[in-house]
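**Q** The amino acid sequence is not available; the structure is as follows:
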């Protein structure tokens with residue numbers, strides 16, 4: 001009996017739980033997970049084998065290219081050292097990206113995850129997310145008036161990690177619960193369907209109380225994408241009624257949920273200030289300004305970008321010269337970040353990395369896996385999650401888990417044929 005797969009599942013659970021509360025544990029668990037993925041430990045009799053060999057790497061790349069493709073993001077950073085100039089700056093941006101090499105390698109060396117193993121990991125994340133929503137609600141209720149006022153000035157409710165990442169995790173948990181309820185997926189008990197249905201409604205309502213626009217937008221986008229995937233199985237009148245209900249919810253929320261009302265009012269005021277040219281100190285205006293700065297800096301080096309060694313320096317100088325600001329903002333857009341650092345060539349590699357897994361025939365089934373993947377890509381339009389510990393870990397963990405499970409089913413079907 002090999003201990004490798006059970007240890008891998010346990011460490012995935014650790015990462016799933018740590019997404020909400022511990023960045024340090026995320027990094028440690030990823031390294032330990034990668035180590036045990038290439039170390040086979042058998043009992044009765046005890047046997048330990050090191051599996052990481054050039055031939056094994058070559059074979060896994062051939063059999064599971066949809067996992068290995070994400071290592072290209074690390075290679076972009078690694079190769080850019082050739083023209084980085086400032087090697088210390090290059091290393092500071094490159095070494096966090098090693099996870100894009102070690103996690104795909106680890107999942108490629110492991111056997112494919114089963115549905116039960118996949119569900120066990122994500123259900124642990126869902127349970128931790130539910131507990132975290134209770135913690136956030138308790139803090140909000142305790143200081144109800146204070147947080148309502150803060151939201152009116154662009155603030156946010158207290159969350160266990162950054163409020164944007166937290167809202168994205170809640171939106172993803174909502175979609176997972178909704179899909180598990182629709183398909184009646186069970187870890188063990190029949191009553192689980194009712195729990196998943198309740199949690200999907202709970203997370204959806206909580207997103208409106210939290211009122212983080214990224215999470216709200218992704219939540220609605222996820223529901224819309226699920227409807228598209230299940231389109232042929234739903235009668236027309238049910239589709240129409242459901243879409244009308246979803247469309248009415250934001251209007252109802254605006255008049256019934258104070259936090260949501262304050263956030264909408266603040267967003268409209270922010271937009272008004274930006275149009276008047278006085279929005280530098282407002283969150284949305286800063287985001288739009290960061291997009292413009294990133295594109296302008298990138299256009300100065302359109303083919304290979306600024307390079308990792310000069311990226312932050314180029315942005316800082318641009319903000320000082322153009323906006324007369326000492327503090328710069330990284331572009332709040334993953335694609336603009338990649339374009340600014342690596343130019344058109346690097347952006348093409350990055351887009352290939354994201355699109356390639358979607359070209360495999362197994363990608364569309366089960367529907368919640370592509371929906372979660374697309375939701376995370378959509379989040380890259382307003383943030384740069386792949387440059388942050390939680391965003392990186394969530395993207396790689398959920399994507400690798402899903403592709404491992406999907407690829408395993410596909411491989412078994414081919415073996416039977």
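**A** Received the coordinates, thanks. What you see is a predicted model; the values in this text were computed from it and never measured.
**Q** How far does stretch 296-312 sit from its chain's centre?
**A** Put simply, stretch 296-312 sits 25 Å off its chain's centre (CA atoms, centre = their mean, to the nearest Å).
**Q** mean confidence for that stretch?
**A** Summarised as a single mean, pLDDT over stretch 296-312 is 89.
**Q** do stretch 124-135 as well
**A** Per-region confidence: stretch 124-135 scores 94 on mean pLDDT.
**Q** got the buried residues for it?
**A** Buried residues in stretch 124-135, counted by 16 or more other CB atoms under 10 Å: 124, 125, 126, 128, 129, 130, 132, 133. Every residue, glycine included, has its C-beta placed from N, CA and C.
**Q** CSV please, covering the residues you listed and showing secondary structure.
**A** As requested, those are exported to CSV (DSSP: H, G, I helix; E, B strand; the rest coil):
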residue, secondary structure
124, helix
125, helix
126, helix
128, helix
129, helix
130, helix
132, helix
133, helix
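**Q** nearest to residue 207, of the residues you listed?
**A** The shortest gap between residue 207 and any of those belongs to residue 133, at 9.5 Å (CB to CB).
**Q** Do me a favour and get the end-to-end distance for stretch 205-223?
**A** 13 Å (CA to CA, to the nearest Å).
**Q** same for the helix or strand residue 58 falls within, what does it pack against?
**A** Using DSSP states H and E, residue 58 sits within helix 54-63. If you count contacts as 3 or more CB pairs under 8 Å, 6 or more residues apart in numbering; DSSP states H and E, helix 54-63 packs onto helix 99-109.
**Q** What mean pLDDT does the helix it packs on get?
**A** Mean pLDDT, helix 99-109: 95.
**Q** Not counting its own residues, what contacts it?
**A** Here helix 99-109 makes contact (CB atoms under 8 Å, 6 or more residues apart in numbering) with 8, 27, 30-31, 33-34, 37-38, 51-52, 56-57, 60-61, 63-64, 67-71, 73-75, 392-393, 396-397, 400-401, 403-404.
**Q** Restricted to helices, list those.
**A** Among these, the residues falling in helices (DSSP state H) are 8, 27, 30-31, 33-34, 37, 56-57, 60-61, 63, 67-68, 71, 73-75, 392-393, 396-397, 400-401, 403-404.
**Q** Check these for burial and list the buried ones.
**A** If we count by 16+ other CB under 10 Å, the ones in helices among the contacts of helix 99-109 have these buried: 8, 27, 30, 33-34, 37, 57, 60-61, 67-68, 71, 73-74, 392-393, 396-397, 400-401, 403-404.
**Q** Let me see the backbone angles for the closest residue to residue 325 other than its chain neighbours.
**A** Using CB to CB, 6 or more residues apart in numbering and skipping the chain neighbours, the partner closest in space to residue 325 is residue 319 (4.7 Å). Main-chain torsions, residue 319, degrees, to the nearest 10: phi -60, psi -40.
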